[in-house]
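Asker: Curious how this folds, go ahead:
(2 chains)
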Protein chains: 2
Amino acid sequence: MLLHTIKEVREQVKEWKKRGLVVGLVPTMGALHAGHLSLIKKAVERCDRVVVSVFVNPIQFCPGEDLDKYPRTLEADTKMCDDAGVSIVFAPSPNEMYGEGQISSNDFLTYVIPPFFYVNKLCGKSRVGHFDGVCTVVNKLFNIVQPDFAFFGQKDAQQLIIIKKMVKDLNIPVEIVPCPIVREESGLALSSRNKYLSDEDKKEALVLSKILNNINSCYKRGLTDVDALKETAYSFLNEHHELEYLEFMNQDDLEEVTIADNNTRVFIACKVGGVRLIDNILLGE
Amino acid sequence: MLLHTIKEVREQVKEWKKRGLVVGLVPTMGALHAGHLSLIKKAVERCDRVVVSVFVNPIQFCPGEDLDKYPRTLEADTKMCDDAGVSIVFAPSPNEMYGEGQISSNDFLTYVIPPFFYVNKLCGKSRVGHFDGVCTVVNKLFNIVQPDFAFFGQKDAQQLIIIKKMVKDLNIPVEIVPCPIVREESGLALSSRNKYLSDEDKKEALVLSKILNNINSCYKRGLTDVDALKETAYSFLNEHHELEYLEFMNQDDLEEVTIADNNTRVFIACKVGGVRLIDNILLGE
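Answerer: Numbering: from 1, shown residues only, chains lettered A, B, ... in the order given. Have a look, this model is predicted:
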């Protein structure tokens, strides 16, 4: 069932809640791929009713980012959701979510702001305001759908950690379920932005997973010094790659580490053919 | 029933919700007086079960404010609530609400930030960060208690407007019920901070309600020019009064007005004997 208004979603969910049904939410920006599908399947398995939100959230895009050209494929998304057993696809307009003229201004909109320590690193450093927009829209979706469980991909690891922190800090009554990264056979992590890659770029894009896998192999063989582990990455890079960051952090609180352990997550962001890609791995996995 | 932990409150409320009972929340900082009692009575009338939170919220106090000396009277508060038919008095510790060591730092805590346009005026101008702390704690309380209705006093009018805006912007599933200001026979608006006033100061404190009533009389007689209405205030002020602001604003969106109408609220803040007092009135009432 495709719904566009908050009111309709609320009424349907209210009816479910009255019957004691367990509700799951999978928040997405659409352009659904097998990565999203794995979240949706997990949600359908675990919950009596599943809502998938499809909303390209304007306030999480920074100036100069790809808001206008971000892929929009609502028809295909809805079909994928229907086939997977989703009860509601919630696809609101920006006006439905933010009201007319309020978009992108914290002069007139209440924001949910994640802690500086969690934001001022990794993707947050180059995408200023991005996680404010993410937390605000996710908070809104939680309030609209009031799910028992919400499913997020491990691919956007910093986002997942920040959302878990928001849920804890604001006592939001929802359980966050992290879902593993889905990869092509080549190792490339699935992303809606992969559509921007040429065939040639797609090969070059393997550099992210190659670097991470190599670091994990070195770690499993006993190398724990982060500087030394970072060193192993550079031989993979060539003129097609514009490395933005390669960082080792405690996966609970995003504290940087100098000696890696089984709670260390390695985060990488790299531009390939002008497309910004991210990936990450938990060491020892 | 006096409860100190989030877990206990959640369990009790969950049981109520299962039975389909309507839940009301009255958020307070304790030191309950007849003003709070009027909110509580309204809540008890309207809801099947009422939670009164008593929490002196550290993150809404600014440096140099009266956090440490703010009156704390939990025993009397609990008795007043019990007598009024309240089901739960929720009195958490700061650690229960924020975790150890996280208090007052937006480096490590997720905040709910109301819009700049609503904050950068009236009390928000002198109390920097105050409404961030208010919105954050109220958001937390909403998530903990999940009330159907929440009751706020009109006395803190800017706070009430900002909370209504937060509820709208974040789609929080709660209905905000505003409650009229309760006054002593003299006209003095009730406030926990009145306890700081000497008998002499208490007389001088009448200046706030006198100015507001006089403005309202002039308005009712046909004066609508805000500059002229402001002029009428100054004859009431003497050396005991330190006027912080006297402002005329649209009561929905806190837009300043130059010509008053029936949707104009007049806001005043004035220090008397070193104690900062506030009051407000809706013109034409």
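Asker: so who does A:C123 touch?
Answerer: Counting by Cβ atoms under 8 Å, 6 or more residues apart in numbering or on different chains, A:C123 makes contact with A:130-131, A:158-159, A:269, A:278. (Glycine included, C-beta is placed from N, CA and C.)
Asker: Which of these fall in helices?
Answerer: Within the contacts of A:C123, residues falling in helices by DSSP state H are A:130-131, A:158-159.
Asker: nearest to B:L2, of these?
Answerer: For these, the minimum distance to B:L2 (Cβ to Cβ) is 38.1 Å, reached by A:F131.
Asker: and the gap between the closest one and B:Q12?
Answerer: Distance of A:F131 to B:Q12, given as Cβ to Cβ, to the nearest Å: 34 Å.
Asker: Show me which of the two is the more surrounded one.
Answerer: Set side by side, A:F131 and B:Q12 show more neighbours around A:F131, with 25 against 19, by other Cβ atoms under 10 Å in any protein chain shown.
Asker: My guess is that one contacts A:Q159. True?
Answerer: Yes - between A:F131 and A:Q159 there is a contact under Cβ atoms under 8 Å: 7.0 Å.
Asker: At the contact with chain B, which residues of chain A appear?
Answerer: Counting by Cβ under 8 Å from any Cβ of the partner chain, chain A comes close to chain B at A:6, A:10, A:105-117, A:135-136, A:139-140, A:143-144, A:146, A:165-166, A:169-173.
Asker: What subset of those is buried?
Answerer: Buried members of the residues of chain A next to chain B, scored by 16 or more other Cβ atoms under 10 Å in any protein chain shown, are A:6, A:10, A:106, A:108-115, A:117, A:135-136, A:139-140, A:143-144, A:146, A:165-166, A:169-173.
Asker: Can you list which of these are found in strands?
Answerer: A:111-113 (DSSP state E).
Asker: before we move on, back to that, which pair of the ones in helices among the contacts of A:C123 spans the longest distance?
Answerer: The most widely separated members of the ones in helices among the contacts of A:C123, counting by Cβ to Cβ, are A:H130 and A:Q158 (9.6 Å).
Asker: Give the residues shared as contacts by these two.
Answerer: With Cβ under 8 Å, 6+ apart as the test, A:H130 and A:Q158 both reach A:123-124.
Asker: Poorly predicted segments of the stretch 151-285 of chain A, please.
Answerer: Scanning the stretch 151-285 of chain A for pLDDT under 70 picks out nothing.
Asker: follow-up on the earlier one: filter the contacts of A:C123 down to the buried ones.
Answerer: Among the contacts of A:C123, those scoring as buried are A:130-131, A:158-159, A:269, A:278 (criterion: 16+ other Cβ under 10 Å).
Asker: Out of those, which is nearest to chain B?
Answerer: The closest of the buried ones among the contacts of A:C123 to chain B turns out to be A:F131 (Cβ to the nearest Cβ; 10.2 Å).
Asker: quick one: contacts for the closest one?
Answerer: A:60, A:114, A:118-119, A:123-124, A:158-159, A:162.
Asker: what's around A:R193, how many residues?
Answerer: For A:R193, the count of nearby residues is 15 (other Cβ under 10 Å).
Asker: Which residue ranges make up each domain of chain A?
Answerer: Here the domain parsing of chain A from automatic domain parsing is A:2-179, A:192-279.
Asker: Please identify the most buried of the ones you listed.
Answerer: domain A:2-179 (a mean of 19; mean count of other Cβ atoms under 10 Å in any protein chain shown).
Asker: Name the nearest residue to A:N57, sequence neighbours excluded.
Answerer: Counting by Cβ to Cβ, 6 or more residues apart in numbering or on different chains, A:N57 lies nearest to A:V137, which is 4.4 Å off, once chain neighbours are set aside.
Asker: and the gap between the one you found and A:V275?
Answerer: Counting by Cβ to Cβ - A:V137 and A:V275 are separated by 23 Å.
Asker: Find the pair from the contacts of A:F131 with maximum spatial separation.
Answerer: Pairwise distances across the contacts of A:F131 (Cβ to Cβ) peak at 15.3 Å, for the pair A:Q60 and A:Y118.
Asker: wait, doesn't A:R193 sit right on A:V275?
Answerer: Yes - using Cβ under 8 Å, A:R193 is in contact with A:V275, at 5.9 Å.
Asker: what sits against the residue of the stretch 151-285 of chain A found nearest chain B?
Answerer: For the stretch 151-285 of chain A and chain B, the shortest gap (Cβ to the nearest Cβ) falls at A:D169, measuring 3.7 Å. Listed by Cβ under 8 Å, 6+ apart, the contact set of A:D169 reads A:115, B:109-110, B:140.
Asker: so what's the residue of the stretch 1-150 of chain A found nearest chain B closest to, chain neighbours aside?
Answerer: With Cβ to the nearest Cβ as the measure, A:T110 is the residue of the stretch 1-150 of chain A nearest to chain B, at 3.8 Å. Among residues not flanking A:T110 along the chain, B:D169 sits closest, at 3.8 Å (Cβ to Cβ, 6+ apart).
Asker: In chain A, what residue spans correspond to strands?
Answerer: Under DSSP E, chain A gives strands at A:2-3, A:23-28, A:49-54, A:88-90, A:111-113, A:149-153, A:175-179, A:241-250, A:264-272, A:275-282.
Asker: mind checking which of the ones you listed is nearest A:L206?
Answerer: Once the strands of chain A are compared by Cβ to Cβ, strand A:264-272 is nearest, at 9.2 Å.
Asker: can you give me the angle the closest one makes with strand A:275-282?
Answerer: In terms of direction (axes from the mean of the first three to the mean of the last three Cα atoms, to 10 degrees), strand A:264-272 departs from strand A:275-282 by 160 degrees.
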